[in-house]
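A.B. asks: Quick one, fold the following:
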Amino acid sequence: MMDISELKEVIDPKKSVLVVWDVQKMLVDRIFNREEFLSNTKTVIDIARRSKVQIFFTRITPLPENFESKGEKVSDEESTASIQPAS
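C.D. replies: Purely as a prediction, here's the structure:
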């Protein structure tokens, strides 16, 4: 388990953030390793707080029915056209 001193060697709290993404009861209650996940998430949040790392909590919400983005639509071919295989 990483402690605060190890964390400070890896990241700069002034230039880092922790993003806690979509940890909702409805989802977490259904995962196979719920207790381990919650324990590890709490540990990471506690260490980030003690290290003065900014924390953002987010959650995904469903889009309204019939939602359409005002952005330009891009086909699958166009969205992957710029991806080149590694040499």
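
A.B. asks: Only C-alpha atoms from now on, for both contacts and neighbour counts.
C.D. replies: Fine.

A.B. asks: Distance-wise, check the residue nearest the centre of the chain relative to residue 55.
C.D. replies: Centroid-nearest residue in the chain, with Cα atoms, centre = their mean: residue 21, separated by 4.1 Å. From residue 21 across to residue 55, the span is 10 Å (Cα to Cα, to the nearest Å).

A.B. asks: now swap in residue 24 and tell me
C.D. replies: On the measure of Cα to Cα, residue 24 and residue 55 end up 16 Å apart.

A.B. asks: Torsion angles phi and psi at residue 56?
C.D. replies: phi -120, psi 130 (degrees, to the nearest 10).

A.B. asks: what sits up against stretch 24-31?
C.D. replies: Stretch 24-31 is touched from outside by 34, 59, with contacts defined as Cα atoms under 8 Å, 6 or more residues apart in numbering.

A.B. asks: again, 10 Å this time
C.D. replies: By Cα atoms under 10 Å, 6 or more residues apart in numbering, the list of residues contacting stretch 24-31 from outside reads 22, 23, 34, 35, 37, 38, 58, 59, 60.
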